[in-house]
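In: sequence and computational prediction follow.
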Amino acid sequence: MSKLLSGTIIATCCALMAACSESDSVSQQSGAAASGNELVLVAVEQALLGSSEGLAELISPGFENLSGLNTGAPGYLWAYKSLNDLCREIQVQNSNIVSTESALIVKHEFVATCAEFGGLGPAETSEFVLEQEFGFSEENTLANVKTDFSRNGESVLPSLGVAPTKPIRPPGSVLSSFDKGAFIEGLAVDKGGTVYVSLILDNNIWRIEKDGSKSIFATLPFDSNRQIMQGIFCLDIDAEGNFFVSVNSPDESIRGIWKLSPDAQPVLWAQVPGPAVLNGIDVDEDGNVFVADTLSGTIWHVDSTHSAGQMAQVWVSHPILNPTPFVNVWPGINGVRRSNTGVSASVSDTGLVVDFDWNTKAPRIVTKGAGVDDFIIDNRGRYVLTTHPYNSIEIYDPQVDDRYSLFTEQEGVWGPAAVGSFALSESKALYYVGTDGGLFGRGFANAFQAQVFKFEY
């Protein structure tokens, strides 16, 4: 029965994407005033009835731009992919859909034998309920997706959401923009206040001047290729102006931490054994470099005595850095930063920010409930969080245990995924946030330009 559920959920996903992206054209051709919601309803009904012909033709144009992320579709479909990959002996008990004026609710009940995330741990037969609510905007475009997944009656997905806003918030502005479809994954600010960004799985580093003009600052000596997941993810800059860049590739001569010095050619500074998905990167005042490995739940480390070409060392590998067992909607460890007491990391899928003690490596939960992508710890000890698909820039202040949003999609922030800052004084800084224009949450057809958003706080 596994093929039945596999076909059902894949057909549902493809139908959703196609209906959302093509709702305007279908309405015009038919001459009817059908809403995107109604079109999705019809598509899902057909999918649940087992119609799986021509699925390849249903996939929305533009989503191929994300194929290098091992999904080929927006992140909210990762749950389906995980189920399809990890479960067997699936018996569908019930599948139904409920349509309202502003949302479509798809619910699957099934019994399956599933292994832990990544195929680790014993396989157990359990009762599962997967429910997703697809919310629509007034323009009938997909606005948000809420997922609930339970195993034997207990939810295995964390409760994630956007923090409330404050009555008084700073003004923000757009410093620079990139073409629609660009995905700003890395951002760093040098000691003079100049901003540098990297686009996901590209091989260029971009320099953005204070007037917003931009140019290619450096190109790493390999071809970027999203199909094989080869290219840059994130970057950071030390006090001497050296760039450290996390690079992914199936080729071990390319994968690892690259270093660009002001007066030297870029070199592979530290290799990282595969398989790995190198993500957030941070260099501290002592020259220690840390990089997050999303695939293995590991923080890799290179100290100041490192020589080019040597292997990075495991600083910590811990189960708390992994995504939710059985189904992962988002990645596990994503961002990493040196803190006053150790090293902090964001775990996007479980909504945790954790801090590992420098000496004992014991984890401590800093905050939870935020689907954090990248983050920084500013000059006042506050965690500045980007929430990517949740479209918010948030602050967590550990001194008063308060988390709140500074900017949301209401201010035009779509897909914030990278953040950096430049201190103006002991109590004030300039903050820069890189976005993907809502590429994941809205899809290519409805995405905006990727932007570098700027504010003083």
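Out: Received, thanks. Residues are numbered from 1 along each chain as shown.
In: ok, residue 294 touching residue 331?
Out: Yes - between residue 294 and residue 331 there is a contact under C-beta atoms under 8 Å: 4.6 Å. In short, each C-beta sits where N, CA and C put it, glycine included.
In: overlap in contacts of the two?
Out: When contacts are counted by C-beta atoms under 8 Å, 6 or more residues apart in numbering, the set common to residue 294 and residue 331 consists of 277, 279.
In: okay, now the unreliable bits of the stretch 1-150 of the chain?
Out: 1-90, 114-123, 134-137, 139-147 (pLDDT under 70).
In: how near is residue 293 to residue 165?
Out: As for residue 293, its distance to residue 165 is 34 Å (criterion: C-beta to C-beta, to the nearest Å).
In: I meant residue 234, not that one.
Out: Residue 234 is 28 Å from residue 165, by C-beta to C-beta.
In: looking at these two, which is more packed in?
Out: residue 234 (28 against 16; other C-beta atoms under 10 Å).
In: so what's the more buried one closest to, chain neighbours aside?
Out: Nearest residue to residue 234 in three dimensions, chain neighbours excluded: residue 186, at 3.6 Å (C-beta to C-beta, 6 or more residues apart in numbering).
In: and for residue 214?
Out: Closest to residue 214 by C-beta to C-beta, 6+ apart is residue 208, at 4.8 Å.
In: wait, the one you found touches residue 196, no?
Out: Yes - contact criterion C-beta under 8 Å: residue 208 and residue 196 qualify, at 7.2 Å.
In: can you give me the distance of residue 295 to residue 396?
Out: Residue 295 is 26 Å from residue 396, by C-beta to C-beta.
In: oops, could you answer that again for residue 258 instead?
Out: 31 Å.
In: ok, residue 301 next?
Out: Taking C-beta to C-beta, one finds residue 301 at 25 Å from residue 396.
In: ok, back up a step: mind listing what the residue nearest to residue 234 touches?
Out: By C-beta under 8 Å, 6+ apart, the neighbours of residue 186 are 197-198, 232-235, 245-246, 281, 418, 434.
In: mind putting those into a markdown table with secondary structure and pLDDT?
Out: Compiled in a markdown table, the contacts of residue 186 are given as follows (DSSP: H, G, I helix; E, B strand; the rest coil; pLDDT from 0 to 100):
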| residue | secondary structure | pLDDT |
| --- | --- | --- |
| 197 | strand | 98 |
| 198 | strand | 98 |
| 232 | strand | 97 |
| 233 | strand | 97 |
| 234 | strand | 98 |
| 235 | strand | 98 |
| 245 | strand | 98 |
| 246 | strand | 98 |
| 281 | strand | 98 |
| 418 | strand | 98 |
| 434 | strand | 98 |
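In: for residue 223, the count of nearby residues, please.
Out: Neighbour tally, residue 223, other C-beta under 10 Å: 11.
In: how close does it sit to residue 249?
Out: 10 Å.
In: which neighbours do those two have in common?
Out: residue 230.
In: follow-up on the earlier one: doesn't the residue nearest to residue 234 belong to a strand?
Out: Yes - with DSSP: H, G, I helix; E, B strand; the rest coil as the criterion, residue 186 is part of a strand.
In: give me the pLDDT value at it.
Out: pLDDT recorded at residue 186 is 98.
In: for residue 349, same thing?
Out: 83.
In: my read: it touches residue 323, true?
Out: Yes - with contact defined as C-beta under 8 Å, residue 349 counts as touching residue 323 (3.7 Å).
In: can you pull out the helices in the stretch 251-400 of the chain?
Out: With helices called from DSSP state H, counting those that start in this stretch, the stretch 251-400 of the chain shows none.
In: between residue 301 and residue 396, tell me which one has more neighbours.
Out: Higher neighbour count among residue 301 and residue 396: residue 396, with 23 against 18, using other C-beta under 10 Å.
In: excluding its backbone neighbours, what's nearest residue 348?
Out: Looking at residue 348 with C-beta to C-beta, 6+ apart, the closest residue is residue 330, at 4.1 Å.
In: quick check: that neighbour vs residue 155, distance?
Out: Taking C-beta to C-beta, one finds residue 330 at 16 Å from residue 155.
In: can you check residue 131 too?
Out: 10 Å.
In: what residues do the two have in common as contacts?
Out: Joint contacts of residue 131 and residue 155 (C-beta under 8 Å, 6+ apart) are 148-149.
In: more neighbours: those two, which one.
Out: residue 131 (15 against 12).
In: still on that earlier bit, I'd like to know how many residues surround the residue nearest to residue 214.
Out: Count around residue 208 with other C-beta under 10 Å applied: 23.
In: tell me how far the closest residue to residue 387 other than its chain neighbours lies from residue 392.
Out: Spatially, and ignoring its direct neighbours in sequence, residue 387 is nearest to residue 371 (5.2 Å; C-beta to C-beta, 6+ apart). Residue 371 sits 9 Å away from residue 392, taking C-beta to C-beta as the criterion.
In: ranges for the strands of the stretch 201-350 of the chain?
Out: 204-208, 214-219, 231-237, 243-248, 256-260, 267-271, 278-283, 289-293, 298-302, 310-311, 313-317, 333-338, 342-347 (DSSP state E, counting those that start in this stretch).
In: by mean pLDDT, show me the worst of those strands.
Out: For those, where the average pLDDT is lowest is strand 310-311, sitting at a mean of 92.
In: so what touches that one?
Out: 270-273.
In: rerun that using 10 Å as the cut-off
Out: 256, 269-273, 300, 302 (C-beta atoms under 10 Å, 6 or more residues apart in numbering).
In: what is the most widely separated pair among those residues?
Out: The span of the contacts of strand 310-311, defined through C-beta to C-beta, is set by 269 and 273 at 15.1 Å.
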